[in-house]
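Trainee: Just the structure for this:
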Amino acid sequence: MLRLDDLMVFVRTAERGSLSAAARELEVSPALASAAVKRLEGELGIRLFARTTRSLRLTDEGERYLRHARDALRALQDGHDALAEGKETLGGVLKISMPSDLGRNLLVGWLDQFQALYPKVSYQLSVSDRLSDLYRQPVDIAIRYGLQDDSSLIALPLAPDNRRVLVAAPDYVRRHGPLSDVRDLSRHNCLRFMLDDVIHDRWTFYPAARHEPLTLQVNGDRSADDADLVRRWALAGVGVAYKSRLDVSADLRAGRLVTLMPDLAGEPTPLHMVCMHRSQVSATVLALRDFLREQCGKA
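Mentor: Predicted structure coming up:
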């Protein structure tokens, strides 16, 4: 396999007419420079230089290869320059909608970090658990949980393996005991999320011993159409919540919440960045996608 360093030594040696001069310019020893040229000749199966005790000149094959080597090094430098320029030129206004809990507690901080990397980016944020209508609302990007049913939309995965987890505050677990069987949720105060006036009171799980999912009807003394409020109730120790793992990742690390039945697979809740048209997937959007995907992987 050709090595970039060997190409650089070859080109510098051809330009300077001397291995020692090329070595000084590249800040390597003459022995290393000589080994680089020999290694490149071995890879190519040709002699690049005709050597005598007093002179060093390119062979005919070396003359022909020099043009290609220069082009290769120039292309690599152009690629480096393009990346550096891209970091400076990425920008524009991004109109983003996002779910409340994830938005307030994780995404806003991550967007701040992204903006520090790309100061020409600015945001208009819409934080709500109601699904934004991309066809009617002035939104460029929607960050959404769940499987994407509308095949006409462009969905860029951020956390494709994310699932729901059962969580409660340590104080709640001390007062009510651990959960040994998921069916015992009927004895617990379940904190339920509500969307479009429909209460999410049927919780689905995927026990390893069953071939089919298990869906349970749960009950509790409160529900809300704001997922962040459900999380706050769980933190206050008033009940059990069934949350996206991403939403509670910081709380779990800090010990403010604990996972109940951690070996039980919860409902899949993949996270996507969604937009209407391929034309909206700009370099800035792709850079944001890559950045958020990395942050989700660390959460």
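Trainee: what about the helix or strand where residue 194 lies, average pLDDT?
Mentor: Residue 194 belongs to strand 190-195 when assigned by DSSP states H and E. On average, the pLDDT along strand 190-195 is 93.
Trainee: Give me the buried positions along it.
Mentor: 190, 191, 192, 193, 194 (16 or more other Cβ atoms under 10 Å). All C-beta atoms are positioned from the backbone trio N, CA, C, and that covers glycine.
Trainee: repeat for stretch 66-75
Mentor: 66, 69.
Trainee: Just give me how far it sits from the chain centre.
Mentor: 34 Å (Cα atoms, centre = their mean, to the nearest Å).
Trainee: likewise stretch 178-187?
Mentor: Using Cα atoms, centre = their mean, the offset of stretch 178-187 from its chain centre is 35 Å.
Trainee: what about that stretch, average pLDDT?
Mentor: For stretch 178-187, the mean confidence score works out to 92.
Trainee: what ranges do the strands span in the stretch 51-200 of the chain?
Mentor: Using DSSP state E, counting those that start in this stretch, the strands of the stretch 51-200 of the chain run over 56-58, 92-98, 121-127, 141-145, 154-159, 164-168, 190-195, 198-200.
Trainee: tell me the most buried of the ones you listed?
Mentor: Mean neighbour counts were compared across the strands of the stretch 51-200 of the chain using mean count of other Cβ atoms under 10 Å; the top stretch is strand 164-168, at a mean of 24.
Trainee: partner strands of that strand, parallel or antiparallel?
Mentor: Sheet pairing for strand 164-168, assigned by DSSP bridges, gives strand 240-244 (antiparallel), strand 258-259 (antiparallel).
Trainee: continuing past the last one, what's the next helix or strand?
Mentor: So that's strand 258-259. strand 265-266.
Trainee: And the contacts of that following strand?
Mentor: Among residues not part of strand 265-266, those counted as contacts by Cβ atoms under 8 Å, 6 or more residues apart in numbering are 163, 164, 165, 166, 205, 206, 207, 208, 242, 245.
Trainee: beta partners of residue 164?
Mentor: Here residue 164, judged by DSSP bridges, has bridge partners residue 244.
Trainee: correct me, but it touches residue 241?
Mentor: No - here residue 164 lies out of contact with residue 241, judged by Cβ atoms under 8 Å, at a distance of 9.4 Å.
Trainee: if I pick residue 268, what's in contact with it?
Mentor: Here residue 268 is in contact with 147, 162, 163 (Cβ under 8 Å, 6+ apart).
Trainee: Looking at the residues you listed, state which has the most neighbours.
Mentor: residue 162 (22 neighbours; other Cβ atoms under 10 Å).
Trainee: I'd like the distance between that one and residue 29.
Mentor: From residue 162 across to residue 29, the span is 52 Å (Cβ to Cβ, to the nearest Å).
Trainee: do residue 89 as well
Mentor: Where residue 29 is concerned, residue 89 sits at a distance of 40 Å (Cβ to Cβ).
Trainee: now do residue 261
Mentor: 62 Å.
Trainee: Could you do residue 9 as well?
Mentor: Counting by Cβ to Cβ - residue 9 and residue 29 are separated by 11 Å.
Trainee: Would you mind grabbing the residues shared as contacts by the two?
Mentor: residue 23.
Trainee: Tell me which of these two has more neighbours.
Mentor: Per other Cβ under 10 Å, whichever of residue 9 and residue 29 has more neighbours is residue 9, with 25 against 12.
Trainee: Just checking, which helix or strand of the chain averages the lowest pLDDT?
Mentor: Least confident helix or strand, the chain: helix 60-89 with a mean of 75, by mean pLDDT, DSSP states H and E.
Trainee: how near is the closest residue to residue 92 other than its chain neighbours to residue 119?
Mentor: With sequence-adjacent residues excluded and distances taken as Cβ to Cβ, 6 or more residues apart in numbering, residue 92 is closest to residue 284, at 5.8 Å. According to Cβ to Cβ, residue 284 and residue 119 sit 12 Å apart.
Trainee: Residue 7 too?
Mentor: For residue 7, the distance to residue 119 - Cβ to Cβ - is 36 Å.
Trainee: Same question for residue 29.
Mentor: Distance from residue 29 to residue 119, by Cβ to Cβ: 43 Å.
Trainee: Likewise for residue 198?
Mentor: 42 Å.
Trainee: What of residue 218?
Mentor: For residue 218 relative to residue 119 (Cβ to Cβ), the value is 46 Å.
Trainee: okay, the two: which has more neighbours?
Mentor: Shown here are residue 218 and residue 119; by other Cβ under 10 Å, residue 218 has more neighbours (19 against 10).
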